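# please find the sequence and the predicted model below.
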Amino acid sequence: MTNAPFNGLHSDAENKIVAESEETHHNESIKALVLGALGIVYGDIGTSPLYTFREIFVQGGIQPDPRSIMGALSLIFWTIFLVVTVKYVIFILRADNKGEGGILALTALALRRRKEGRRSLILLTLGVVGAALFYGDCVITPAISVLSAIEGLEIITPKLHHWVVPIVLLVLIGLFVVQRFGTEHVGKLFGPVMLIWFTTLGLLGALQIVAHPGVLLAISPHYALTFLAHQGWIGFVILGAVVLCVTGGEALYADMGHFGRTPIRMAWFGLVWPALLLNYFGQGGLLLADPGAIENPFYRLAPEWALYPLLLLAAAATVIASQAVISGAYSLTSQAVHLGYLPRLEVRHTSAIEAGQIYVPVVNWLLLAAVIALVVGFGSSSNLAAAYGIAVTGTMIVTTLLGYVVFRRYGRVSPVTLVTVATGFLVIDVAFFSANLLKIVHGGWFPLLVAALVWYVMSTWIQGRTALFTRRYGDALPIERLLDRTEKVPIRTARTAVYMTGDLSTVPPSLLHNLKHNMVLHERVILMKIEAMEMPRLADSERIAVDKLGKGFFSVLVRYGFMEEPDVPAALQACRRFGLAVDPMEVSYFLNRETLRASKNPDLPRWREPLFITLHAIAGDASKFFKIPPGQVVELGTQIEI
């Protein structure tokens, strides 16, 4: 890649992994990466022309007269330019966390090396809120995308109206059911299909622009400002529909780690942006000639003979857009688990080649249930559009705030410039978010409800883990005191014992229980702590730290990035270079299996305590999560009041 990382965002040492990632991408075909970006990154925003222009007039309750058409077009043009091109493509893509993007990666970067305190709590809360809002977006995007595509049947013949919802449900159910098998083979078709899709968007729009070239005058911001001023309060309401043209903009940043910023930018400037603008302006030209086409201006762009092929292509594009969002939900969940924001969940790898292709069963089925409820409950893309946008614009605000913190800490940007740019973005984000708040009574409560539930789960788990850690280790026996008493232990048996712990300075509960009931210590005792870092990946040289405590005791700190999976046996073998050589067949791993009970004086608020106890009980198996061989695991149970 020719694009260099943002100067000053990381130190030279921290940029090592970024450079390696960029070099890897450079060795691949740029064309292949650009094609892949078309299929994954731009699926959501690429299907927005199916409904955006129509919804501006439907939600605003205005007639498609020439002044309104030109004003709406101008708003779309400048919204895409300012929000997607300037904010995300030019600025936010520069704020990478060692090559990775996304709301949690940005949160981790903002929190890096920051001590606990009020500011850290605020930043963490922002990140959790942003992640929760992303899940709200993940629920509504598949529903509105597929609905808007299949509604093209009504253009072919109104008699098919009653078949729209059943067909949409079949498509969506099929999409979620096949997730367990992975998308490795089907995914190879995503790029070519979306290449055809964006080319078609551009051609359909260009034909109308040639017939009505005057529509290009809408590029002038004068039309947008005049339109908003003329409409008054309705103009503010219309902003809630205008923002539909940039839904999916967050995907540019979230998928940066998969493709690199250069292919994403090349795809945007080379095809996606021009194709979107051509199609929107083409719809505007069509409406200037035939205001009655507002019923569905996208499909009206095509001649009758092309309606069936266009319908099939649109259905394929919306399925791809849905797939991208679903995969994003899996990735976000995996990141949250490794960062400690969610309990351990089952994560299945669906590809032996691509580590990023994963499947999270519980997320899959919860998303499907929510999507079915949306389709059945709302019934049409227009009804869903009235609920769409709140989660998207909320995430945009969080990205701006966290981006400001990151650029202020790491960026070589003057404070005046940074404040000016961030304030400008924030004004735009808040304006769109405020306009979308009006949609709450019209269905906007649903994605907010999903986001609120996710926030409740994540914030409870984070707070609960802190309280549980205090219960475990707050008054635990210091390791030095145990070392002083090892001579009193009557038996030191052969083999090596590895005790998993969250605090290397104290004696793990499992070790105390083993001593208490068996009065036995192994010949070699290793205290091992797994620490999740606020960066996606670590170099091997930074991963392991070994400390020889004496009397056969060792402490081992193993660090992993939030995009990596812990592997305890592999980490143990890597300790050889630090002088700690262990026969993998002569190791017993001791884990503490805890049962939590409600306390009369709980460490958590009453409205959080039952949820945390439930989450802790259903958390995935620790030995499987850490890749510990099941035949070498010894679990010791204990009860803790919390």
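All right, it came through fine.

# count of residues packed around residue 581?
For residue 581, the neighbour count with other C-beta atoms under 10 Å is 10. Bear in mind the C-beta positions are built from the backbone N, C-alpha and C, glycine included.

# with the one 4 residues further on instead?
When counting by other C-beta under 10 Å, one arrives at 8 neighbours for residue 585.

# OK, contacts around it?
Counting by C-beta atoms under 8 Å, 6 or more residues apart in numbering, residue 585 touches no other residue.

# quick check, it in a helix?
Yes - under DSSP: H, G, I helix; E, B strand; the rest coil, residue 585 sits within a helix.

# pLDDT score for the closest residue to residue 189 other than its chain neighbours?
Leaving aside its chain neighbours, residue 189 sits nearest to residue 39 (7.9 Å; criterion: C-beta to C-beta, 6 or more residues apart in numbering). Per-residue confidence (pLDDT) for residue 39: 83.

# what about the most centrally placed residue in the chain, which helix or strand?
Nearest to the geometric centre of the chain sits residue 332, at 4.0 Å (C-alpha atoms, centre = their mean). According to DSSP states H and E, residue 332 maps onto helix 307-339.

# quick one: buried residues of that helix?
Residues of helix 307-339 classed as buried: 307, 310-311, 313-339 (neighbour count, 16 or more other C-beta atoms under 10 Å).

# likewise for stretch 263-275?
Neighbour-count burial for stretch 263-275 [16+ other C-beta under 10 Å]: 263-268, 271-275.

# quick one: mean pLDDT for that stretch?
Here the average pLDDT along stretch 263-275 is 94.

# next: stretch 478-486.
Rounded mean pLDDT across stretch 478-486 is 87.

# now do that stretch: everything it contacts.
For stretch 478-486, the external contacting residues (C-beta under 8 Å, 6+ apart) are 504-507, 511, 521, 527, 549-553, 555.

# what packs against the helix or strand that contains the residue nearest to residue 189?
Assigned by DSSP H and E, residue 39 belongs to helix 30-40. Applying 3 or more C-beta pairs under 8 Å, 6 or more residues apart in numbering; DSSP states H and E, one finds that helix 30-40 makes contact with helix 187-211, helix 256-259, helix 261-267, helix 307-339.

# burial count for residue 85?
17.

# then residue 302?
Based on other C-beta under 10 Å, the number of other residues close to residue 302 is 19.

# got it, and residue 441?
Neighbour tally, residue 441, other C-beta under 10 Å: 10.

# what's the pLDDT at it?
With respect to pLDDT, residue 441 scores 87.

# out of the contacts of stretch 478-486, which end up buried?
The neighbour count (16+ other C-beta under 10 Å) marks 504, 506-507, 511, 521, 527, 549, 552-553, 555 as buried among the contacts of stretch 478-486.

# from these, which land in strands?
Counted as lying in strands by DSSP state E, out of these, are 521, 527, 549, 553, 555.

# out of those, who's nearest residue 613?
Ranked by distance to residue 613 (C-beta to C-beta), these are led by residue 527 at 27.2 Å.

# residue 146 against residue 315, yeah?
Yes - the pair residue 146 / residue 315 is scored as a contact, 7.2 Å apart, by C-beta atoms under 8 Å.

# any shared contact partners between those two?
In contact with both residue 146 and residue 315: residue 171, using C-beta under 8 Å, 6+ apart.

# circling back: could you dump the ones in strands among the buried ones among the contacts of stretch 478-486 into JSON lines with distance to residue 580 added?
Listed next are those as JSON lines, based on distance: C-beta to C-beta, whole Å:
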{"residue": "521", "distance to residue 580": "17"}
{"residue": "527", "distance to residue 580": "12"}
{"residue": "549", "distance to residue 580": "11"}
{"residue": "553", "distance to residue 580": "11"}
{"residue": "555", "distance to residue 580": "10"}
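
# find the pair from those residues with maximum spatial separation.
Checking those with C-beta to C-beta, the most distant pair is 521 and 555, at 15.5 Å.

# any idea how many residues pack against residue 541?
8.

# cool, and residue 465?
By the criterion of other C-beta under 10 Å, residue 465 has 17 neighbours.

# hmm, it is touching residue 342, no?
No - contact criterion C-beta under 8 Å: residue 465 and residue 342 do not qualify, at 10.3 Å.

# ranges for the strands of this structure?
Counting by DSSP E, the strands of the chain are 348-349, 358-359, 491-500, 520-532, 544-550, 553-560, 587-597, 633-641.

# now the ones you listed in CSV, with distance to residue 471 and mean pLDDT?
Formatted as CSV, those follow (distance: least, C-beta to C-beta, whole Å; pLDDT from 0 to 100):
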stretch, distance to residue 471, mean pLDDT
strand 348-349, 32, 82
strand 358-359, 32, 85
strand 491-500, 17, 89
strand 520-532, 17, 92
strand 544-550, 25, 93
strand 553-560, 22, 95
strand 587-597, 9, 90
strand 633-641, 6, 86
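
# please pull out the lowest mean pLDDT helix or strand from the protein.
Within the chain, no helix or strand scores below helix 15-27, which has a mean of 49 by mean pLDDT, DSSP states H and E.

# tell me what the closest residue to residue 542 other than its chain neighbours is bridged to.
Once flanking residues are discounted, residue 542 sits nearest to residue 559: 6.6 Å by C-beta to C-beta, 6+ apart. With DSSP bridges as the criterion, residue 559 is bridged to residue 531.

# can you get me a residue count around residue 559?
Residue 559 has 18 nearby residues by other C-beta under 10 Å.

# per-residue confidence at residue 402?
The model's pLDDT for residue 402 equals 94.

# I'd say it and residue 125 touch.
No - using C-beta under 8 Å, residue 402 is not in contact with residue 125; the gap is 11.0 Å.

# more neighbours, these two?
A direct count of neighbours by other C-beta under 10 Å for residue 402 and residue 125 places residue 402 higher, at 24 against 15.

# quick one: contacts for that one?
103, 106-107, 110, 123, 126-127, 130.

# before we move on, what about residue 64?
57, 287, 291, 294.

# got the contact list for the last one?
Residues near residue 294 by C-beta under 8 Å, 6+ apart: 54, 57, 64, 287.

# CSV for the helices and strands packed on helix 30-40, including distance to residue 495?
Putting the helices and strands packed on helix 30-40 into CSV (distance: least, C-beta to C-beta, whole Å) gives the following:
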stretch, distance to residue 495
helix 187-211, 46
helix 256-259, 41
helix 261-267, 50
helix 307-339, 30
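
# by mean pLDDT, show me the worst of these.
It's helix 256-259: among the helices and strands packed on helix 30-40, that one has the lowest mean pLDDT, namely a mean of 79.

# by contact count, what packs against it?
If you count contacts as 3+ C-beta pairs under 8 Å, 6+ apart, helix 256-259 packs onto helix 30-40.
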